[in-house]
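[1] after the sequence you'll find the predicted model.
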Amino acid sequence: MSRIFYVNGSFVDEQDAKISVLDRGFLFADAVYEVSSVLDGKLIDNKAHLARLQRSLAELSMAPACSDEELVSVQNQLIALNNVQEGLVYLQVSRGAADRDFAFPKNPTSSLVMFTQEMPLIDRPSAKTGIDVISVPDIRWARRDIKTVGLLAPSLAKQQALDAGAHDAWMVEDGYVTEGTSNNAYIVRDDNVIQTRHLGSEILSGITRNAVLRFAKEEGYRIVEEPFTVESVKNANEAFFTSASAFVTPVVSIDGHAIGTGKPGSVTQRLRKVYIDTALQSTDL
Ligand code: PDD
């Protein structure tokens, strides 16, 4: 059965899911997006994703395509139409179509596209084995707090990691890890200290990050929001990353150096379990 997509007011088959070649998302990456996870057919922490979407739009002076209530309604209709039990809903708002000009169009009409991706999120091999990362220079633009579709730099970094036989890249700027190509990065040190970079324009304020740090505090871990080096990753007890699609996933090596035992650590596994258990009980984390 083919997937149903949503494009500017219509639910359509993939072959009819089309936007203008003049869409500014296509020509200028003038678009923002969100990825929300779905468990048991329900959106997880979606209010927080939509709040971040509104912030991204506001930072770019882009008009919302519609109200949050309408967005949620379309998201849920797509989940139902595509019968998604576990997976993702992708949502993208662009400044719309206008003749190519670097300046914003005078009266733009935003365009809104959504689709679903059915995939296992809980039962994933990477969660059991952990993943290998390489470190790469962070060559992205300076407003990574805005979730734009300008994703060529992280896409290049991800491919570089795959070509090197690893799974992902952790990006480094001024000697410190910023984040993963599509996730936030953490180390566990001194047993109960969890360290992750502080929020700012250098990284995306992850929705999963926010929930996981809250759960970690409740579990009695000490949270340190400070940048860390690749050297401190090599010397950490554990490392992991978070995102809406990966929840909490162990990182077991960086640049070929085993981290801790070289196996997923107990703190990481505990936080993954707490995240999933909580999400299965209540959709707003
Ligand atoms: N990426 N940092 C970056 C650069 C990201 O692209 C993402 C999410 C995150 C984690 O944010 P969250 O916890 O809200 O998913 C951090 C999504 C999943 C993606 O691009 O597919």
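    Here it is on my side, so go on. Residues are numbered from 1 along each chain as shown.
[2] any idea how far the residue nearest to residue 154 when sequence neighbours are not counted is from residue 144?
    In space, and not counting its chain neighbours, residue 154 is closest to residue 181: 3.9 Å by CB to CB, 6 or more residues apart in numbering. Bear in mind the C-beta positions are built from the backbone N, C-alpha and C, glycine included. According to CB to CB, to the nearest Å, residue 181 stands 11 Å off from residue 144.
[3] which ones are touching the residue nearest to residue 154?
    Shown in contact with residue 181 (CB atoms under 8 Å, 6 or more residues apart in numbering): 154, 155, 157, 158, 161, 168, 169, 171.
[4] of those residues, which is the nearest to residue 22?
    Closest approach between the contacts of residue 181 and residue 22, by CB to CB: residue 155, at 23.2 Å.
[5] so which elements touch the helix or strand harbouring the closest one?
    Assigned by DSSP states H and E, residue 155 belongs to helix 152-163. Judged by 3 or more CB pairs under 8 Å, 6 or more residues apart in numbering; DSSP states H and E, helix 152-163 is in contact with strand 131-137, strand 168-173.
[6] in the helix of greatest length in the chain, which residues are buried?
    Longest helix in the chain, counting residues (DSSP state H): helix 266-281. Using 16 or more other CB atoms under 10 Å as the test for burial, helix 266-281 gives 267, 268, 269, 271, 272, 274, 275, 276, 278, 279.
[7] follow-up on the earlier one: nearest to residue 105, of the helices and strands packed on helix 152-163?
    Short answer: strand 168-173, nearest of the helices and strands packed on helix 152-163 by CB to CB, at 32.9 Å.
[8] same question for the closest one, mean pLDDT?
    The pLDDT scores in strand 168-173 average 98.
[9] is it positioned near the ligand?
    No. Strand 168-173 does not reach the ligand (CB under 6 Å from any ligand atom); its nearest approach is 8.6 Å.
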